[in-house]
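Q: Would you be able to build a 3D model of this:
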Amino acid sequence: MKFGKELDRLAIPEWKTQYIRYEELKDLIDVLAEQDTPPPVADCPFLKMLTKMVGRVNNFYVSQEATMTGTWNALKAQLEKIEVADRNGDDDDDDDNRKRSKRAKKPKSKSVVRKKETKGRRSTVFQMLFPTMTAAKEVKGSVEEFYLAIDKLLSYKQLNETAIRKILKKYDKNLKRSVSKQLLAKFGALPCFQSHVLAEIESDVVNAYTIYFTENSRRMAMAHLRVPAQRFTGCPWQILGAGVLLGIAALSMVVLGVAMAHSDKIEMDHSRRLALFVIFRGLFVFALYPLLLSVDFYIFAKMGINFRLMMQMSQRNAKVFRLWVLLLSIGAFTLAVWGLAAAASALSPYVGPHAAAWAPLVTFACIVLAVTNPIAAIRANGFPTPLLLMGRIMLAPLYSVQFADFWAADQLTSLVRPMLDLEFAVYYYFYAYDAAEDDSLHLSVGHKVLRGVLASAPYTWRLLQCVRRYRDMPIQVRSFHPHLTNGLKYTSTFFVIWFSLLTSHYKGSNGVELEDDKSKIFFALWIVAAIVNMCFTLSWDFWMDWGVLRSRDEPLRAKIMFPPPVYAAAIVYNVFGRVAWVLTVSVGFFDSPRYDFLGLALSVVEIVRRSSWNLFRFEIEHLFNCGKLRATTLEFFPAVHTDHIQKTSSGLFTELSFPTVEGPDDHADVLSVDGTHVNEEPADPTDTCADAMANGRPVAVEETVV
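A: Numbering: from 1, shown residues only. Here you go, the predicted structure:
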């Protein structure tokens, strides 16, 4: 593989603009090599551009190194609190514990923290220092995440150093010159390539982690701290099996399509055929959804989006590619089962008299088994299980809401139509269903209310999560926006659901015309509620969840990970998908199997829209840490100003044999680890993530408090 492609593959996504632009430099060398008389060294545009890029790299590295130094000092202060609590705890121990404590207090190294020799001490210390074990995990997670940040910066330094060496070698070779040694010596004297501060901090981090969290086992500490290279490690047999299952699903769907095309030749009661279609429609969406999620997580893995941190998965053990293979296998299995069961139901007169009765039940059981399979959860290495997520969603007011919780609740809001189809399946099995002449489903008032409550449940849970997140905000920065504003968005959905039900309840006997004045009033109210809700949700999607379309001059964010056409296509499709979503939650208008194909199309459009929404929601969380999910808040510490950084490097640049030409891009932006400008004003804790990004301010992040 050529180095340019290797550099692009290994570059940290959120720092891509801060790397040496190797391909641009290589193209410039090719242009200069084609000239009859290449420009002299003093006026060479290649060397000027390279100097500017090296200055950008140096400025960025120095700022990050200073930030990490401050971060490590704060972490050491937290670890010292553990040591103080350990000494205080020793005074209350029994005689045996006191003897062991005295032995443990003997210093054995000059590390920032002393080594402890006793086992079982850690739990006593943490219980005294922290009210819950959750806080203890946060301190440990801070150290682990900080080690990851050090590895990222060291990788950044190494890649740029290699790029400079290779591009200078290519310059000498193509232009028949020998300036690389001189320039490498000058560049090598920069703080970026001379400093060993990070290596010393990394050693201290390993020592501290060994002492406090692994009971002096360095091997165990390195196993926890080091992250193995995330390469494609999916089992080929597992992928082959998923492919075979997808082939079976495709073949079954072909058979199903042929059977539906010749349904007039298959003897089956009309009411049963309509009921089976509605049941299998909902099961199809549930079977297809894991396949769409596998595509999302595959893109996350390829783009380097750290979904493991957001989903509270193990940073070391979770294989980023294994998860998408697991979801692919689940989706392939459920689709294959669905295809076989649907084909068997359509051909029930030939398969067996009871095929239409047991096929939906078998499909539902297989989907539930595949999704809740504990073995699959173990193979996912820490991915939250669906049962755990459902429990936390339904008990939202009682637990603090994490990213995985409200992300899963958002997925449920896109599955309202399939949930109602499952409710119809229960109605079909427990009560006799007989379609009327117009194929309408005549439901009692109580049954309609039940369907309205069921459709409102995901939005109620999401509203309660917003209230809980508002309640968990610090009092000094607690404000109505964004959490309660987000709650209003979900509240507006209730009006769409219930106005559609009321319109359906009062409409004419034929189920279509609005004969009653009340039905006309409620239909008008539904129109207003649908428009308001659609505008509210679209605005929130673009401005808050994706961080785009906040400025007419710059519709996209300053930092993006996908090509701009991808955002344009996603924005257009999201508008179309939101219209379909409003129709899916309008329960009263689709309570008849007569809308079977329309309901299927709207459900598929909505889950595809949700799948694309996931991509940009995870992206913005990865780039800007909007949900304050990172344990170590690197941008919290005092900023390193650009003026100080320029003094450390400008003197070295002036010693080169050619001048530095200033341009509009010469003063490189110095960014923090999470992409905020270090020479800007401090972050405003009342700013929302999207507001901060739109106004060019850093995103406020809470410090981990011990």
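
Q: Could you use CA atoms for every contact and neighbour count after this?
A: OK.

Q: Would you map the helices across the stretch 151-300 of the chain?
A: Secondary structure of the stretch 151-300 of the chain (DSSP state H, counting those that start in this stretch): helices at 180-188, 191-194, 197-213, 218-225, 236-261, 270-303.

Q: What residues sit buried inside the shortest one?
A: Buried residues in helix 191-194, counted by 16 or more other CA atoms under 10 Å: 191, 192, 193.

Q: ranking the helices of the stretch 151-300 of the chain by burial, who's on top?
A: Of all the helices of the stretch 151-300 of the chain, helix 270-303 carries the top mean neighbour count, a mean of 20, counting by mean count of other CA atoms under 10 Å.

Q: Which other helices and strands does that helix contact?
A: Packing partners of helix 270-303 (3 or more CA pairs under 8 Å, 6 or more residues apart in numbering; DSSP states H and E): helix 320-346, helix 355-372, helix 416-430, helix 596-624.

Q: What is whichever helix or strand residue 62 is part of packed up against?
A: Using DSSP states H and E, residue 62 sits within helix 45-91. Counting contacts by 3+ CA pairs under 8 Å, 6+ apart, helix 45-91 is packed against helix 22-34, helix 95-104, helix 121-129, helix 133-175, helix 191-194, helix 197-213, helix 642-654.

Q: ranking the helices and strands packed on helix 270-303 by burial, who's on top?
A: Per residue and on average, the most neighbours among the helices and strands packed on helix 270-303 fall to helix 320-346, with a mean of 25 (mean count of other CA under 10 Å).

Q: by how many degrees do it and helix 236-261 diverge?
A: With axes from the mean of the first three to the mean of the last three CA atoms, to 10 degrees defining the directions, helix 320-346 sits at 30 degrees from helix 236-261.

Q: for the stretch 51-200 of the chain, which spans come out with low pLDDT?
A: Scanning the stretch 51-200 of the chain for pLDDT under 70 picks out 82-139.

Q: cutoff 90 now
A: Where the stretch 51-200 of the chain drops to pLDDT under 90, the residues are 67-68, 70-152, 155, 171-196, 198-199.

Q: what comes into contact with stretch 471-491?
A: Contacts with stretch 471-491, where a contact means CA atoms under 8 Å, 6 or more residues apart in numbering, come from 400, 459-460, 462-464, 466-467, 469-470, 533, 536-537, 540, 685-686, 688.

Q: Just the buried subset of those, please.
A: Buried by 16+ other CA under 10 Å: 459-460, 462-464, 466-467, 469-470, 533, 536-537, 540, 685-686, 688, out of the contacts of stretch 471-491.

Q: any idea which of the residues you listed is closest to residue 217?
A: Ranked by distance to residue 217 (CA to CA), the buried ones among the contacts of stretch 471-491 are led by residue 469 at 38.8 Å.

Q: Hmm, residue 400 and that closest one touching each other?
A: Yes: counting by CA atoms under 8 Å, residue 400 is a contact partner of residue 469 at 7.0 Å.

Q: picking up where we left off before, can I get the helices and strands packed on helix 270-303 in JSON lines with mean pLDDT and distance to residue 219?
A: Listed next are the helices and strands packed on helix 270-303 as JSON lines, based on pLDDT from 0 to 100; distance: least, CA to CA, whole Å:
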{"stretch": "helix 320-346", "mean pLDDT": "88", "distance to residue 219": "24"}
{"stretch": "helix 355-372", "mean pLDDT": "88", "distance to residue 219": "35"}
{"stretch": "helix 416-430", "mean pLDDT": "86", "distance to residue 219": "49"}
{"stretch": "helix 596-624", "mean pLDDT": "89", "distance to residue 219": "30"}
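
Q: Just tell me which of the ones you listed ends up closest to residue 226.
A: The nearest among the helices and strands packed on helix 270-303, by CA to CA, is helix 320-346 at 15.2 Å.

Q: residue nearest the centroid of this protein?
A: For the chain, the residue nearest the mean C-alpha position is residue 618 (2.8 Å; CA atoms, centre = their mean).

Q: For it, give its distance to residue 289.
A: Distance from residue 618 to residue 289, counting by CA to CA, to the nearest Å: 18 Å.

Q: Which ones among the buried ones among the contacts of stretch 471-491 map onto helices?
A: Those of the buried ones among the contacts of stretch 471-491 mapping onto helices are 459, 460, 462, 463, 464, 466, 467, 469, 470, 533, 536, 537, per DSSP state H.
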